[in-house]
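*Asks:* Just the structure for this:
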Amino acid sequence: MRFPRVVLAGAVVALGVSALPASAGKREVVPASEQARVVALVKSRMAPQAAETAMYVGPETCIACHRDYASWRTSAHATMHATVPDDLGSMLPDKGIIFDGNKNGEDDFKEGLDFNKIASPFDVYKPNAPVLSFVAGAPYPYRVTIGSLTLTVGIKQGGYYQQRLMVRIPVTDGPGGMTQSIYMLPFAYSPRYREYALYNADKWWAADGKPKIVPGMTAAAVAAIGRNWTKSCVGCHVTGYKVGKTATGEWWVKAPTVVLYSGTDRHYADLNQDGTKQFMGVSCESCHGPGSLHILAGGDKTKILNPASLTKQQQTWLCAQCHTRGLSVPGGLHDYPYDETADKPYQIGDDVFKYLHDEGGRWPDGKTPTKGEQQYQSHMVSAHFTNPFHTVTCSDCHNPHSGERGLPVTEKNAIATSFTNNTLCLSCHAGFGPFKALTVAKVGAYEQNKAEIAQVVGAHTFHAYTPEMTLGQSNCITCHMPRTAKRDWSYDEVSHTMEAIPPEKTLLYQEKGGMPSSCAASCHGGRPLNFNTSFTNDNFSKWNELSDKETATILKGFFGPGGTWWNTTATGSVTGQALSAAPRPDAPGGATPGRED
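*Replies:* As a prediction, this is how the structure comes out:
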């Protein structure tokens, strides 16, 4: 069913809600008259059954009353996708394409980057490597040519950590001559490294380098080959979606047509191909459920889900529905939680593994992630989640409404907190273990007490206290959340096991290829910090070369049995306890590859 909606020409100002400020951490009371206007809008714009059946209304309808959560608009959850009808969002990670492989600050599309003429990951596909172009003045001006096929870029995905691009493909039998499904182009761009990587290149090129997708194909032929965003990705990227398959093998997606949105907001697209627009991203209703009954009941709190009412395990599953690497059950059709037999997506409160096969990649210790999107698989085996004192959930450290990168909790236990200066970790750990000498109040007055904090933390780390700097010495995350996983680039995602991985594990699993330690993955991966060995951590998947063993042996002298800094055989050593529980080298199996993207 198509629902009528309100489109605003500029900023959201309907119903007298003239300014929706970013959250200041305090609940703002919206006048009853304005709440009534929101109710009237939903009544007039949605189908009659909205009063009896919970239906999705869209994030701006929620923010119209919940103004203190407007900071969500700039979050990665909200800005993951954006249409690119022009170049107004160029080089802006939340709004447009940011490709700049030659690092000159200019859009690679506008410069006509031709991968056939430069050295790049696409060398094996020359002379059919991608060519980027920009057609000034044309609607949707970004173009990618592969072989003889030129594609119009419709949507960008990502921007702050990596970015991929999405297209519909010209076919002989699709509506308007295009596929219904949306497909992912075969490359990704990293703003961190400012370079390109291959992404499912085998979907676009044969082993001989010739393109697989060419002009004149049917939609079914394309569907049998391409990396299909509609089939594989939509479950974690669209709120309230439905998916299905046409008789010709095409996958389609239907998403709720929202009640209220800004006409200039690029994060809405006509996914349904019916002339209306739907929100692309993780919105309020992804975690709180459909909002129509809540609104029509005048904001009745019993008519909407508050995740705080769930158990700790259920709260964690809520995030795990997207932050888990797996395939749908029973047949693995989708790369997200889905019950294929019942034809339904993940339901809030359920065990995520009722909808998902675990397809996580792990190093030989059986828990440290090798692949991206495994935050839940790592967290579920961490001391944060398994300790008997306090079950740490995702929202203890991450604020899903935050507009800051990483969604950090910026206030905890009545103090300001941050990832960068250890205050978030110390807001819980102050007063315990190595940090017994600190109090939460002292941590809260960070600048006044920085010298004392540095002394206490430095006594634990045996390193200089420079957590805010690039290398992050004595930053809790550097050691306890090392980058061990690969999505598009090596070491581009952190582990959530919270284990400071000892060099002993590199040596323990040599016959199974070895594995990284926190020391080698985070800091000692090359000169000048490799102890004058030939070691580098450039070979992500191989940790049993001679230089790997040499460096791990040196590091074990500091962090290992009898270690001068951290003795893993000392009574009460947390690392020692973890090592005793780790799979032995002669145990069956080794590193698990995990699901490929």
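*Asks:* Give the other helices and strands that the lengthiest helix in the chain contacts.
*Replies:* In terms of residue count, the longest helix belonging to the chain (DSSP state H) is helix 32-45. Applying 3 or more CB pairs under 8 Å, 6 or more residues apart in numbering; DSSP states H and E, one finds that helix 32-45 contacts helix 59-63, helix 292-296. All C-beta spots, glycine's among them, are computed from the backbone N, C-alpha and C.
*Asks:* change it to 10 Å
*Replies:* Judged by 3 or more CB pairs under 10 Å, 6 or more residues apart in numbering; DSSP states H and E, helix 32-45 is in contact with strand 6-8, helix 59-63, strand 260-262, helix 292-296.
*Asks:* Which stretch among those is buried most, on average?
*Replies:* A comparison of these by mean neighbour count, using mean count of other CB atoms under 10 Å, puts helix 59-63 on top with a mean of 26.
*Asks:* from what I can see Pro585 touches Pro364, true?
*Replies:* Yes - in this structure, Pro585 is within contact of Pro364 by CB atoms under 10 Å, at 8.1 Å.
*Asks:* pLDDT weak spots in this structure?
*Replies:* Residue ranges of the chain with pLDDT under 70: 1-30, 49-51, 587-595.
*Asks:* follow-up on the earlier one: nearest to Lys126, of the helices and strands packed on helix 32-45?
*Replies:* Lys126 lies closest, by CB to CB, to one member of the helices and strands packed on helix 32-45: strand 260-262, at 43.2 Å.
*Asks:* ok, Gln510 - contacts?
*Replies:* Shown in contact with Gln510 (CB atoms under 10 Å, 6 or more residues apart in numbering): Pro364, Trp543, Asn544, Glu545, Asp548, Lys549, Ala552, Pro585.
*Asks:* Return the backbone torsion pair for the residue lying closest to Lys312 once chain neighbours are set aside.
*Replies:* What sits nearest to Lys312 in space, not counting adjacent residues and going by CB to CB, 6 or more residues apart in numbering, is Thr391, at 4.2 Å. The phi/psi pair for Thr391 (degrees, to the nearest 10) reads phi -80, psi 110.
*Asks:* Identify the residues contacting Thr391.
*Replies:* Thr311, Lys312, Gln313, Gln315, Thr316, His384, Phe385.
*Asks:* Contacts made by the helix or strand the fifth one falls within with the rest, please.
*Replies:* Looking back up the chat, that one is Thr316. Assigned by DSSP states H and E, Thr316 belongs to helix 312-320. The contact list for helix 312-320, computed with CB under 10 Å, 6+ apart, reads 286-288, 305, 307-311, 323-324, 326, 337, 346, 348-356, 375-377, 379-380, 385, 390-396, 398, 400.
*Asks:* if I pick Gln473, what's in contact with it?
*Replies:* Counted by CB under 10 Å, 6+ apart, Gln473 has contacts Gly458, Thr461, His463, Ala464, Tyr465, Thr466, Pro467, Cys479, Ser522, Cys523.
*Asks:* Distance of the residue lying closest to the first one once chain neighbours are set aside relative to Asn421?
*Replies:* The shortest distance from Gly458 to any residue other than its chain neighbours is 4.8 Å, reached at Tyr465 (CB to CB, 6+ apart). As defined by CB to CB, to the nearest Å, Tyr465 lies at a distance of 10 Å from Asn421.
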